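>>> Model the structure of this input:
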Amino acid sequence: MKKLIKEKMEEVVELMNDQDEVVMEKEVIEKLEKILMLLKNPEKVELTTNEHIGRMKEIMQLVDHKIIDLDIDVDYCIPELGAVSEQCDISGSPHILLTYAEDEYSTRTRKVSLGTTALQSTQEDLTEHVVLAIEEFKDEIDDVRMG
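Numbers count the residues shown, from 1 in each chain. Coordinates of the predicted model:
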């Protein structure tokens with residue numbers, strides 16, 4: 001629960017420090033009220049975490065179903081679900097690690113973030129975001145290989 005509250009507080013601080021964004025007092029108050037609700041209702045945090053885990057599993061299935069490129073390895077690095085691969089750093093925010101082995105000695109990797117902003121979108125939108133990132137990664141690799 002401390003991690004979730006810390007993330008929410010960081011969002012408030014980031015919002016307050018954003019020079020490009022016009023921060024409305026109402027936005028800050030709403031975010032702070034959500035933090036207070038979490039502190040007052042820790043059981044709601046557990047429910048939210050369970051919903052989050054279920055949602056991540058669904059997204060994993062949707063992405064796996066849409067991926068057709070067998071040359072790129074997709075590792076889901078989601079702290080709540082544990083590491084799927086040794087390459088995953090699950091101490092940070094959830095992400096997907098894309099790996100392409102160019103040859104025996106070199107690989108290319110890309111990290112697709114699944115931060116709080118991404119997780120607020122619909123499952124279909126997030127799935128499309130991940131699939132698009134995979135396609136862009138593959139196109140980039142093809143461009144380098146073809147010269």
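
>>> Can you tell me which helix or strand of the protein has the lowest average pLDDT?
Taking mean pLDDT, DSSP states H and E as the measure, the helix or strand of the chain with the lowest value is strand 82-83, at a mean of 56.

>>> Next secondary structure after that strand?
Per DSSP states H and E, the first helix or strand lying C-terminal to strand 82-83 is strand 95-101.

>>> Could you list the residues in contact with whichever helix or strand comes after that next one?
As assigned by DSSP H and E, the chain's next helix or strand after strand 95-101 is strand 107-113. For strand 107-113, the surrounding residues in contact (CB atoms under 8 Å, 6 or more residues apart in numbering) are 87, 93-102, 129-130, 133-134, 137, 141. Where you see a C-beta, it was placed from the backbone N, CA and C, and this is true even at glycine.

>>> What helices and strands are in contact with the host helix or strand of I5?
Assigned by DSSP H and E, I5 belongs to helix 2-17. Contacts defined by 3 or more CB pairs under 8 Å, 6 or more residues apart in numbering; DSSP states H and E place helix 2-17 against helix 25-40, helix 42-66.

>>> Mean confidence (pLDDT) on the one helix or strand V74 maps to, please.
Assigned by DSSP H and E, V74 belongs to strand 72-78. Summarised as a single mean, pLDDT over strand 72-78 is 82.
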